[in-house]
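Peer 1: Here you go, sequence then predicted model.
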Amino acid sequence: MTLEFRQGVPEGCTAWLNKNVGRGNITSIYDSAEYDWFYERVEQEIPSTDPSMDSNVRYVPTITVKDPKLAMLFVLRWSS
């Protein structure tokens, strides 16, 4: 399960993940079997309201937790 943090990843979130979920990957963006969770910045297109202008792009920080039960705990703890 992936959770988006449009306002940035909250302080203490990665420490909580390391303690309660397991080993995570925040340095290089790739999924690997050795990690229980990983961080990724996802590119999202923001459509322009002016047809003559190009769309803008923003990057949204996300964290994906692989185990469904631990992912639910993560969402309940950090989604509000």
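Peer 2: That came in fine, so what should we check first? Values in this document were obtained by computation on a predicted structure and should not be read as measured data. Numbers count the residues shown, from 1 in each chain.
Peer 1: For the spatially most central residue of the chain, which three-state class applies?
Peer 2: Among the residues of the chain, the one closest to the centroid is T62, at 1.3 Å (Cα atoms, centre = their mean). With DSSP: H, G, I helix; E, B strand; the rest coil as the basis, T62 sits in strand.
Peer 1: Distance check, it against S52.
Peer 2: T62 is 32 Å from S52, where distance means Cβ to Cβ, to the nearest Å. (C-beta placed from N, C-alpha, C; glycine too.)
Peer 1: got a list of contacts for stretch 51-67?
Peer 2: With contact meaning Cβ atoms under 8 Å, 6 or more residues apart in numbering, stretch 51-67 is reached by 1-6, 8-9, 13, 17, 21, 31, 35-48, 71, 74.
Peer 1: Restricted to strands, list those.
Peer 2: 2-4, 37-46 (DSSP state E).
Peer 1: what about K69, which helix or strand?
Peer 2: Taking DSSP states H and E as the criterion, K69 maps to helix 68-78.
Peer 1: And stretch 38-45, how far out from the chain middle?
Peer 2: Taking Cα atoms, centre = their mean, to the nearest Å, one finds stretch 38-45 lying 7 Å from the centre of the chain it belongs to.
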